[in-house]
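Engineer: okay, here's the prediction I keep looking at, along with the sequence it came from:
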Amino acid sequence: AQRVTQPEKLLSVFKGAPVELKCNYSYSGSPELFWYVQYSRQRLQLLLRHISRESIKGFTADLNKGETSFHLKKPFAQEEDSAMYYCALSGREYGNKLVFGAGTILRVKS
Amino acid sequence: KAGVTQTPRYLIKTRGQQVTLSCSPISGHRSVSWYQQTPGQGLQFLFEYFSETQRNKGNFPGRFSGRQFSNSRSEMNVSTLELGDSALYLCASRAMADETQYFGPGTRLLVL
């Protein structure tokens, strides 16, 4: 079965503090992992995917197959990072549909 | 390139009615997927269409159906609306060589 777990509904940090949004998954096969972000009144947009291994807006995420995790990290949070973050997976074994976690609201306080 | 567009953006219907939502994918994208977003259930996959054929279907009742046209535009239909169908319906398109899905702004449906 495919499942994505984001244990925190809300993560509140101060500006300049490090951020780590947790994501764990279960999947039989080779999944692709994604982080999507939804800013206030904007559409859901891709933040990053594990195969590209790039840093977007200072965020990085490493796929840990042993721990089945794909945590999102940023060393210094900015106020404009406040948004809803969704971890998601897809895989050819299940027809490429995206399976989303419940999402984590990141609130960056000044 | 223009992004994914969805019409209408907002809809109010009453129980028992039916509704049709429309999605235009990014130019060149032939795969269109639909998702339902609710506060209680989060984002859930409805179905995917490619080249006018349904390729994958989520765990939703038969009242939810869709289709895709030759220009890749897609429509989603919900018949016999229930209160629980109130949600944001998102459409996403992708290029076949890419796993990344690009989302539209959504259609917010309220069933009274």
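Structural biologist: Right, received. Where do you want to start?
Engineer: show me what from chain B comes close to chain A.
Structural biologist: Contact residues (C-beta under 8 Å from any C-beta of the partner chain) of chain B with chain A: B:3, B:31, B:33, B:35, B:42-45, B:48, B:55-56, B:58, B:90, B:92, B:94, B:99-106. Where you see a C-beta, it was placed from the backbone N, CA and C, and this is true even at glycine.
Engineer: same thing but at 10 Å, please
Structural biologist: Chain B has residues B:3-4, B:6, B:31, B:33, B:35, B:37, B:41-48, B:50, B:55-58, B:88, B:90, B:92, B:94, B:96, B:98-106 near chain A, with proximity defined as C-beta under 10 Å from any C-beta of the partner chain.
Engineer: could you pull out the strands for chain B?
Structural biologist: Secondary structure of chain B (DSSP state E): strands located at B:5-7, B:10-13, B:19-24, B:31-38, B:42-50, B:53-57, B:64-68, B:74-78, B:87-94, B:102-103, B:107-111.
Engineer: cool, and chain A?
Structural biologist: A:3-5, A:10-14, A:19-21, A:24-26, A:32-38, A:45-49, A:60-61, A:72-74, A:83-90, A:99-100, A:104-109.
Engineer: and the fifth one, does that touch chain B?
Structural biologist: Yes - among the residues of strand A:32-38, A:Glu32, A:Phe34, A:Tyr36, A:Gln38 lie within reach of chain B under C-beta under 10 Å from any C-beta.
Engineer: is it correct that B:Ala87 is in contact with B:Phe60?
Structural biologist: No - with contact defined as C-beta atoms under 10 Å, B:Ala87 and B:Phe60 do not form a contacting pair (11.1 Å).
Engineer: for chain B, identify the residue most remote from the centre.
Structural biologist: Distance from the C-alpha centroid of chain B peaks at B:Ala97, with 21.3 Å (C-alpha atoms, centre = their mean).
Engineer: state the distance from that one to chain A.
Structural biologist: 12 Å (C-beta to the nearest C-beta, to the nearest Å).
Engineer: at the geometric centre of chain B, which residue do we find?
Structural biologist: B:Trp34 (3.4 Å).
Engineer: who are the contact partners of whichever residue of chain B sits closest to chain A?
Structural biologist: With C-beta to the nearest C-beta, the shortest gap between chain B and chain A falls at B:Asn56, namely 3.6 Å. Counting by C-beta atoms under 10 Å, 6 or more residues apart in numbering or on different chains, B:Asn56 touches A:Tyr94, A:Gly95, A:Asn96, A:Lys97, B:Ser31, B:Ser33, B:Phe45, B:Leu46, B:Phe47, B:Glu48, B:Tyr49, B:Phe50.
Engineer: farthest-separated two in those?
Structural biologist: A:Tyr94 and B:Tyr49 (16.3 Å; C-beta to C-beta).
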